[in-house]
Structures are given as C-alpha cells and as structure tokens.
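J.: Sequence and predicted structure are below.
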Amino acid sequence: MAIRPISQGLHQLSDPGDSGVLTRMHIDAPLLAGLLLLCAFGLAVLFSAMDRDLGGVERQLVRLILAFGLMFAVAQVPPYQLRRWSLPLYVSGVLMLVAVLLVGDVGKGAQRWLALGSMRFQPSELLKLAVPMTVAWALADRPLPPRLPRVFAATLLILIPVVLIAKQPDLGTAILVAGAGITVLFIGGLSWRVILMVGAAAAALAPFLWYHMRDYQRQRVLAFLDPASDPLGTGYHIIQSQIAIGSGGLHGKGWLNGTQSHLEFLPERHTDFIFAVIGEEFGLTGILVLLALYLFIIYRGLRIAVQAPGTYGKLLAGGLSLVFFVYVFANAGMVTGLLPVVGVPLPLVSYGGTSMVTLMVGFGILMGIQTHRK
Amino acid sequence: MPRLDSNLADRQREARLVGARAVVAAVVVLVALSLVVVRLAHLQITDHEHFSVLSQDNRVKVQPVPPSRGLIYDAKGVVLADNHPSFSLEITVEKVENLSATISALAGIIRIDDKDRERFERLKGQRVRFQGVPLRLNLSPEEVARFSLDSYRFPGVDVRAELIRSYPQGELTAHVLGYVGRINEEEMDHIDASAYAGTHFIGKGGVEKAHEGLLHGQAGYQQVEVNARGRVLRTLEAKSPVAGQDLHLVLDIALQRVATEALGDNRGAVVAIDPRTGGVLALVSKPSFDPNPFVEGIGGADYHALLYSPDKPLYNRAVRGQYPPGSTVKPFVGFAGLAAGVTTAHKSTYCPGSYRLLGQSHSYRCWRRGGHGAVTLEAALVQSCDVYFYDLAHELGIERLKHYLGEFGFGGRTGIDVTGELGGLVPSKEWKEQVRKQLWYPGETLIVGIGQGAFLATPLQLAVATATLANHGHFFAPRVARAAQVPGAPRAEELPVFSRRVAAGDATQWDQVIHAMTQVVESPRGTAKGIRSRDYRIAGKTGTAQVFTLGKNQTYNAARLTEKMRDHALFVAFAPADDPRIAVAVIVENGGHGGTVAAPVARKVMDAWLGGSTLIADPGVADGD
C-alpha cells in the first residue's frame, strides 16, 4: 500500500493542475483543438478539391463526426484494458488477414477487403492499431530498454502482419503497419547498435526486395527516380502534382482557383494528392500552416507519451504519435517527389473513411492514456 | 522495499529513456518536415516561374477558328459557289486506341456504309497528324443528337459543324471554277500553316485555286481553357476570323449555259471574251463533271470512272487543251505580214493548188487541189487559201512569225485566273534544237503559217488573240473574276487588269484584216457564210486541225475514218465587227469542218450575248476548212 503515494506523487509530478471537466470526460483539450482545426482546414480544401461538391464534403463531415464520436468512446477505455485486449486483437487481426488472402474481395487489383454482410472491412486497418498495441504489450512487462530476445519477438510480431499485407499487395499500408511497430520499439529504447545493424541489413536486402516487387511497384520507383521517363503513365502523377505545387508559389492561386486541380490535370486530387491542391491554392504559406498543425498534434502526442504513467501507455502513445508523423511524411514526401508514390492518404484531410477512423481511434487511445491516471 | 526501490528506479529510468527517445523522435520529425519544406520552397519559390508556365500550358489551348470562304457570283449576281453548314463525324486517329472497334461501335448508333469506310480509309492515308478525319458527312440533326448522348464513350470522335462548299450549277461551272477539296499533306507544305489553321479545304483548280488568297480569308483563334481530357471549358480570349472575299465574275452563267448547250454532245470547248476588258464571259469544256462530290472526297470507283472515261471529262479543254489552231491562225499571220511590210492588202499571190520551196522537191498542198488562182490577203482569208500563207510565212521567216504570234498571246500562258492553263507552243529554230535536237527545215515555217505542225494553241489563246485583233491590238490578259468584295464592305473592289498594246501595225492594217474576216462570214465564197446574221456583223475565221495525217496521195474521207481520227473543227469570231463586244473561240473535237460544226456554236453564243435572232438557216455544207 505504500506504492500508492509514490505513484500518486509521480502522477502529480508529471501532470499537476489537471482536473477540468474535459479531463473528467477523458478529453485532451489541446489535442482536440489541433484535430478540430486540422479537420476544418481539411474540409475546406476538400470542398475545392471535389469541385464544390457539397455532397462529398457532407459525407466526409458525417464520417468525421462518427470518427470523433468513436474517438471519445475509445478515450473512455483505460490503458490497462487496452493492454489486455492487445494480443486478442492482434491475433484476430492476423487471422482476418489470412482470410482476406484466401477469400477477400479484389479491389483495384489488390485483395484488401473482407466482406462482413453488406459492409466491407479492411483488416489491415485494424493491424495499424493492433501491432503497436501488441509490441507495447510485449515490451511493457519488463523494464525498458528491452533485451535482444524480446526485440526479436517484437520484430516477429511486426513482420507477420506486414508480410501478409504486403502480399495483398498493399505496400503503403504494410509500411505504415511496420512503422507503427518500429516506432514503439524505438520509443521503448531499442539500442542504437541494433538500429544501425538493421539499417545496414535493409540496405543490403534492397536488391532482393526489388526482385520481389510487383511490376507496378517497380514502375512507381522508376518513375520516382525519373518522372519524365513515363510522363503519361506513372510519372504523370508526379509531374502534375509538382506542377500544381510549383505553380502555387508563395501565396497560392487562392481557394477554389487551382487550375491543375479544377481542370482535372491532377489525378486523385481529393484523395492521395490533396496535398498538391493545398500547395496550389494556398501556396507555401498554406502548406506551412498545415505542417504547423501536424507538428502540434505530433508534439502533443509525444508529450502525452512522456507524461504517461505506465510503460505500456508511454510506448503506445509514442508509437501512435510517431506513426501519425510517418503518415504525414509519407504523403507529403510522395506528393512533393521526395519519396516514391505509395498510396498513403494525407491524414484527416484526404477524402475517405477507413484510415480516418483508424487515426481517430488512435487519438482516442492517446486521450485515454493522457486522462486515465490513477 | 528493495523491490519498490528498484521499481521506482526502473520507472525513473524508463521516463528518462522515453523522454530522450521522444526528443530524438521530435528532432527526426523536425528534420523530416524541414526536408519537405525545403523541397516545397524549391518547387514554389525557386522554380515557381517554371511551373507557372507549365500549368498555363496545361490549361490553355489555342484553337484556330477557320474563316468562311468567300462566295462566287456570276456577272448578274447568281451564286456559283456557296457554303452550306454541314455536320460531320470526325475521328482524330491519333487519339483513338482501337480504331476498328470504335468505328464498329459508332456504326451501332449512326449509319456508316462501305462508301463512308472507304473514304475514311483514303482520307486517313492523306491526313495531317492530329487533324480529324471525317467518317460520316451530312449528319442529320437526329444523328447528331444520338451521337451526343453517347459521345462520352468515344474519346477522339467529334461532331464538327463546318461550312461545306457547294456548286449549285454543278457541271456547268466545274472547269472554270474548279473546286475545293481537303488539304492534303503535299499542299500543307506550301501553305502558311497559321493562316490555314483550322481550315480543311483549299482550292484545287480553276478560279477557286487562282483566287485562293482572296477567297480564303484570315483564320481567327480562340484561347480556351481545357481540362486534362481536352474538353473545352470556357473561352478566355478570341480573335474573330476575317471571312474570305466574295468574288464577282465577268462570267455570265446564262451565256455559259448557252455555250454548253450549243456544243451539244460533242467534246470541245468554247471561250467567250469581252474584247474591251479581257473579261471571260463564258469558258466551257465538254464533257464536264459534277464538282460537288469532290469537295468531301469522291469515292475511288466514281473517280476512276471519271479519270479513265474515254471522253476525259476531268480534262479542261478550254485552258489545257492544246490543239493545232489550223486556219484560225491565218488572220494573225496575215496581220503579221502587213505589219512587217512583207505584203500589202493589194498584193496578190498565185495559188496553183500547191507550193514548192525553191530547190526542194516536196510540195505543200493547198486544201483545194485545183488552187485558188491569184488571191489577195482578203481572198486568201475568205477562202482560207493555204498557198498564200505558205508564201507569207516563208517571206516572214519563223523568227518574225513567232514574234508577231507572241504579241497575240500564242506560245505562252495568257495569265487567266483559272489555274492549270497551258501555254501552247509556237515552234522555232531554238525550240527545235533544244527540245527535238534537230535542225529547223524551212518547210516547217510554212506549216506554222497555216497553224499546223508543232504549233499548238489552247481555245483560250485563240479567244484572247481574236479579242486582241478585234481591239485593234489592245491586248487584255483574260480574267474570269472582275471584282472582290470584302464581306460587309459597301462595294466590291475591282481587280487589277493587265493590258498592253501590240506594238505593230496601223489602224488601216487592223481594219483590213478585220474586214477580210467579216467577208469570211458575209462573202458567198466565205467558209463560214452559213452563220451570217441579219442583226449584227460577224468577223470570223474557220479552221480545221488535222488529227490524222494523210499520206501524199490519199484523199480525206470522213466516212472511212473512225470518229476519233476525224479533224477538229475550229472557229474564231468576234461581233459586232465594227464595235466588238464579244470574241469567241470554239473547238469541236473530231467535229470535221470548222465552218459547219464550230461556227454555228459561236453564232449561238454571240446571239445570246448580243440579242440577235436565232440562227434559222441550216448552214449546209460549205467547202473549204
């Protein structure tokens, strides 16, 4: 019973004046504010990117409201519950991935969907949360930093779903799922020596990976290295999005005035390439505002991780915050031509529900970690 | 307690560890996002100009707007060449992935028959890249509507509204006006591509080609905003095209019809000129063809039928037909003799029926075996005595003969505004040495004197020469178009006239030749006495051009020769003789005698023009040529 004051003391040390109404409702006010601002900005951009299609914006708004609701619901779950659910969630997720490979629906040339009655469900989305949860679970019952066998076990936990998802094939999601697990390992104090070794091994294995890529994946990499080689095929996305961003200049062409996007030169402008619409219509200024919002959310997430009372909460919060950053960087890098084209949406701005729900559940978890302190 | 201590120590160590890692992660995040910002700054600030230009290029396309082609009116304002709007279905071959599948899918919506497919294949071979090739022409409004509903299924297929040339007078004007047709690859090399941007048609011959510059107009353009699929969204800027100028011709369609009908079923040509202006009143070549199918590309079978017809309907005899002018050249040779001082109106030559050069055994026959006896210039013209002109030609010599004939327009193009004209040929020593690599024989000069041998002239040249004679040596370059009118302008602008004077002869000498020509018609011994008119005086000259050369002792027996070997009948005339208002040249291929076959054609034309009573008397069989 002597533990109590100490842990309470720690609690107070990490978060002294924290007893508002929102906290009691398990809501983290700064994070909520950042998310609301980001989503509002995203809806405005979407209205333009969808060519003033109010219906489309409305559908997105409904999804956002549902996702925020889900976030609040998840925020009510204390971290120790999440910790208990980690492994079962993971196992069922992996089983569903196997099911998808065996009986899944084929959409856009890849098997990603599992039909549940009239609903279609993407099990890989579940893994985006289940993997960091399980890695955190695997590391949390021993003091950090993890020893090597544990790191191996965690790596295996990451690799199983990643390989299954990559086989669908869905390289973008596979990278994000892997990222979600790896960031947890990193936050958990994965030794620098291991990081360096894995990095070297990855570089050595790159040719092997190339050999195993699908044709369209290779083409994307080639087009990334030299977009002009296939200006009407794979390179078209890259060239047109760079034209959109570049022509936006410092201040942009103005909301609803982007010619690249409104005249349909920019492909996937309301989904994966919406970043280019922002660059075209709002210029560098608009992009900096957007990046500032993302940065704030990431910062808040990392702060929650640092302040979290339990190891599991620290690891999960850190992992979720960093995977959010991976999202942002993968998308911005792809659209600006820094990275090859992988289908990663711009989080909370791109049109579409699946990834948004996952992200918001993640933020719900963050809020739960921040607000459940006993 | 130790366990608690170690627990607390672990927790503190973990907090430090996670904190440190969070800081590292934050640094990584900042570095990565800075990378994105640097990249963006590069795109949006350093290369902003470059990408702005690219995005402009992306969205703005310049589309040419073709001008409407000028109309062509006859002297009385009758429309000879019109434009009518037409919808055609065009395929831009370069934009279509599977051509045959597209065409068969289109055939499900719109009637496309074999002729359409055949024409499409042919035009496809001649197309200019990225220009639409018509698959179907003259779509009905219903067909346009039906296609529009399904147009999204057919990228690269468009309905185009364009103005199509039509020739309401059809065969009547085909040779003089020519026609317009689709611009082919070869023509593309010769035209100003920007002036013809958007224009699909160009004059292919006749007046349409000669006055292409006036008729075509200036292309306009519109800058349009397009989307990635090339669909036009709105017009940003436009410059209207300047329509082509309307042409007002001297040609009178009523006279053209009379001349055409006067030729009947014969092959031949009629050219009528107003001697006072050089204006071409009628220009007929028979047989003719309907130019309208040529506008959109005539079918291969139909074209072959025209091209290989033995009557050669595509051949413009009036300006391209080069015939030996025969005796019709005698008035000009006679004038040359007078002007050069080689002969006078009173000097006579004895015609024994043949002529022999000094020291040569070959004798040159007169058409009348028995000879004409002593003949003056007038008698020689009236009776068309060959010997008189052999002698005169010999006295003149080929160089002087060629010079004088050249003054009348023989041996060179007249410069008429009908594209395709040929220049005929007046042979000379130089020509023979250069072209035939042979020496000139003195006997050849004699043959030129009666319009035979290598001497060739077009019906147009004969008409121009006759008009020049009627005009006392005032030569006008013939022209079909009189004036051009800028659309909207209050009045038409007269086109320039080229004229010159024949620098030889005096008024009496002109009158002497003209008088002799009136006697060809009026004298009882005249070769064209059958066409004498009560209403006005005609000055004329008959001619016969040999197609088949007789052997020395053969007689000409028309019945024995197949039709194609019969002589061509020629006649030149002008009227009224003292105040000429019309000069006519007629050739009837394989018609036989000029006086009996060609002269009545000329008479009908002159009657129609001068308002004379129609020829009643049957010209009968006149002797001579």
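T.: Cool, the structure landed. The structure presented is a predicted model; accordingly, all values stated were derived computationally and were not measured.
J.: Next, A:Leu346: phi, psi?
T.: Main-chain torsions, A:Leu346, degrees, to the nearest 10: phi -80, psi 120.
J.: residue contacts, it?
T.: A:42, A:272, A:274-275, A:327-328, A:331-332, A:335 (C-beta atoms under 8 Å, 6 or more residues apart in numbering or on different chains). C-beta coordinates here come from the backbone N, C-alpha and C atoms, glycine included.
J.: which SS state does the residue in the stretch 401-550 of chain B that chain A sits nearest to fall under?
T.: Minimum separation of the stretch 401-550 of chain B from chain A (C-beta to the nearest C-beta) falls at B:Pro487, amounting to 36.1 Å. Per DSSP: H, G, I helix; E, B strand; the rest coil, the local secondary structure of B:Pro487 is coil.
J.: now do B:Glu171
T.: B:Glu171 is classified as helix under three-state DSSP.
J.: Now do the strands in chain A.
T.: A:105-107, A:110-116, A:119-121 (DSSP state E).
J.: Could I get the average pLDDT for the last one?
T.: Pointing back at strand A:119-121 there. Mean pLDDT, strand A:119-121: 60.
J.: Please report how far A:Asp53 lies from chain B.
T.: A:Asp53 sits 16 Å away from chain B, going by C-beta to the nearest C-beta, to the nearest Å.
J.: For that residue, which non-adjacent residue is closest in space?
T.: In space, A:Asp53 comes closest to A:Phe47 once its chain neighbours are excluded; the distance is 7.7 Å by C-beta to C-beta, 6 or more residues apart in numbering or on different chains.
J.: swap in A:Val221?
T.: Nearest one to A:Val221, counting by C-beta to C-beta, 6+ apart, is A:Pro340 at 4.9 Å.
J.: At which residues are the helices of the stretch 101-250 of chain A located?
T.: Taking DSSP state H, counting those that start in this stretch as the test, the helices found in the stretch 101-250 of chain A are A:123-140, A:148-166, A:171-187, A:192-212, A:215-225, A:234-248.
J.: Compare the mean pLDDT across the ones you listed and name the weakest.
T.: helix A:215-225 - the lowest mean pLDDT of those, at a mean of 72.
J.: tilt between it and helix A:148-166?
T.: Orientation check (axes from the mean of the first three to the mean of the last three C-alpha atoms, to 10 degrees): helix A:215-225 against helix A:148-166 gives 100 degrees.
J.: So which bits of helix A:215-225 are buried?
T.: Buried residues in helix A:215-225, counted by 16 or more other C-beta atoms under 10 Å in any protein chain shown: A:217, A:219-220, A:223-224.
J.: near chain B, which residues of the stretch 251-374 of chain A?
T.: A:259-260, A:263-265, A:279, A:283-284, A:287-288, A:291, A:294-295, A:298-299, A:302-303, A:305-306, A:311, A:314-315, A:318, A:321-322, A:325, A:328-329, A:332-333, A:336-338 (C-beta under 8 Å from any C-beta of the partner chain).
J.: From those residues, keep the buried residues only.
T.: Buried subset of those (neighbour count, 16+ other C-beta under 10 Å): A:259-260, A:263-265, A:279, A:283-284, A:287-288, A:291, A:294-295, A:298-299, A:302-303, A:305-306, A:311, A:314-315, A:318, A:321-322, A:325, A:328-329, A:332-333, A:336-338.
J.: Spit out the contact partners of the residue in chain A that chain B sits nearest to.
T.: Residue nearest to chain B within chain A: A:Gly246 (2.7 Å; C-beta to the nearest C-beta). Neighbouring residues of A:Gly246 by C-beta under 8 Å, 6+ apart: B:43-44, B:47-48, B:50-52, B:54-55.
J.: before we move on, what about B:Phe154?
T.: B:102, B:105-106, B:147.
J.: Just the ones in helices from these, please.
T.: Counting by DSSP state H, the part of the contacts of B:Phe154 found in helices is B:102, B:105-106, B:147.
J.: Can you tell me which of those residues are also in contact with chain A?
T.: Counting by C-beta under 8 Å from any C-beta, nothing from these sits close to chain A.
J.: Quick check: ChimeraX command selecting the buried ones in these.
T.: Buried residues within the ones in helices among the contacts of B:Phe154, by 16+ other C-beta under 10 Å, are selected in ChimeraX with:
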select /B:102,106,147
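J.: and the ones in helices among the contacts of B:Phe154 as TSV, adding distance to A:Ala203 and pLDDT?
T.: Listed next are these as TSV, based on distance: C-beta to C-beta, whole Å; pLDDT from 0 to 100:
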residue	distance to A:Ala203	pLDDT
B:Thr102	50	87
B:Ala105	52	88
B:Leu106	56	88
B:Phe147	58	87
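J.: So what's the residue count around residue 343?
T.: I went with chain A, as the question did not name one. By other C-beta atoms under 10 Å in any protein chain shown, 17 other residues sit near A:Gly343.
J.: not what I meant, chain B
T.: Neighbour count for B:Thr343, taken as other C-beta under 10 Å: 22.
J.: Run a quick neighbour tally on the spatially closest residue to the residue of the stretch 401-550 of chain B closest to chain A that is not a sequence neighbour.
T.: Nearest residue to B:Pro487 in three dimensions, chain neighbours excluded: B:Ala243, at 4.5 Å (C-beta to C-beta, 6+ apart). Counted with other C-beta under 10 Å, residues neighbouring B:Ala243 total 21.
J.: Surely B:Ala243 is in contact with B:Gly70?
T.: Yes. Look at B:Ala243 against B:Gly70 with C-beta atoms under 8 Å: they come within range, at 6.9 Å.
J.: who touches both of those two?
T.: B:217, B:487.
J.: Which parts of the stretch 251-400 of chain B are helices?
T.: Using DSSP H, counting those that start in this stretch, the helices of the stretch 251-400 of chain B run over B:253-263, B:292-295, B:300-307, B:317-320, B:330-340, B:377-382, B:386-407.
J.: rewinding a little: now do the phi/psi pair for the residue nearest to A:Val221.
T.: Dihedral angles (degrees, to the nearest 10) for A:Pro340: phi -70, psi 160.
J.: residue contacts, it?
T.: Residues in contact with A:Pro340 (C-beta under 8 Å, 6+ apart) are A:220-221, A:223-224, A:334.
J.: what do you get if the cut-off is 7 Å, keeping everything else the same?
T.: By C-beta atoms under 7 Å, 6 or more residues apart in numbering or on different chains, A:Pro340 lies in contact with A:220-221, A:224, A:334.
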